[in-house]
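structure of the sequence below:
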Amino acid sequence: MEKYLVSLSAEERSELEHLVSAGKSAARKLTHARILLLADTSSGKAHTDAQIVTALGIAVRTVERVRKRLVTQGFRSALDHQPQPPRPDKIKVKGNVEQKLVQLACSDPPEGRRRWTSRLLADELVVLGQVDAVSTETVRAALQRTTSSPGSSRRGASHPRRTPSTAGGWKT
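Numbering: from 1, shown residues only. I've put the predicted structure just below:
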């Protein structure tokens, strides 16, 4: 893998030193700051990736990514966390498919069954041609996102009743 050399300006170095000494930032940001300080070649005492990994207890790949991000995208990008991009194409159960799922879950279960399970619902969505394939976890998460709750009028095991207090009210 190509090695990216970290060369910090005096201003960047002092900002990182202040950030690390204050210790009042996100752990990931502090780790990235420490990586950049240890990898800095402008100070004359740059550490190798192996030394940085040993000193900070992180993976070599993390050091490589932070170095690369500093050189290619800049100082702020290397220091701050980069969130994962949204993946709307990965969501299989949405819109009409979600409506059909809720409709199925609220309907009577198949013959010989007492209730719908995630597996039965997933299989039924495939049989009906709503999706090519779907996991039980996807079905569970989709049902959890909905506000539909057919059994909300009665309390189940997950909805404990409030017990009256035996202590009574405050007396003065």
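
now do Arg76 against Glu64, distance only.
As judged by CB to CB, to the nearest Å, Arg76 and Glu64 stand 19 Å apart. In this view, the C-beta of every residue, glycine as well, is placed from N, C-alpha and C.

of these two, which one has the most company?
Between Arg76 and Glu64, counting by other CB atoms under 10 Å, Glu64 is the more crowded of the two (16 against 10).

and stretch 94-112, what's buried?
Judged by neighbour count (16 or more other CB atoms under 10 Å), stretch 94-112 contains these buried residues: Val97, Glu98, Lys100, Leu101, Val102, Leu104, Ala105.

put the alpha carbons of it into CSV.
Extracted in CSV, the C-alpha atoms of stretch 94-112 (Å, rounded to 0.1, in the frame of the first residue of the first chain):
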residue,chain,number,x,y,z
LYS,A,94,-40.7,0.4,2.3
GLY,A,95,-43.8,2.0,0.7
ASN,A,96,-46.2,-0.5,-0.8
VAL,A,97,-44.3,-3.5,0.5
GLU,A,98,-44.4,-2.1,4.0
GLN,A,99,-48.2,-1.6,3.7
LYS,A,100,-48.6,-5.2,2.5
LEU,A,101,-46.5,-6.4,5.4
VAL,A,102,-48.6,-4.6,8.0
GLN,A,103,-51.8,-5.8,6.3
LEU,A,104,-50.5,-9.4,6.5
ALA,A,105,-49.4,-9.0,10.1
CYS,A,106,-52.9,-7.7,11.1
SER,A,107,-54.7,-10.4,9.2
ASP,A,108,-55.5,-14.0,10.4
PRO,A,109,-52.5,-16.3,10.4
PRO,A,110,-52.3,-19.2,7.9
GLU,A,111,-54.3,-22.4,8.6
GLY,A,112,-52.8,-24.4,11.4
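
what does that stretch rub up against?
In this structure, residues lying in contact with stretch 94-112 by CB atoms under 8 Å, 6 or more residues apart in numbering are 93, 115-116, 120-121, 124-125, 128, 130-131, 139, 142-143, 145-146, 148, 150.

what about 7 Å?
By CB atoms under 7 Å, 6 or more residues apart in numbering, the list of residues contacting stretch 94-112 from outside reads 93, 115-116, 120-121, 124-125, 128, 130-131, 139, 142-143, 146, 148, 150.
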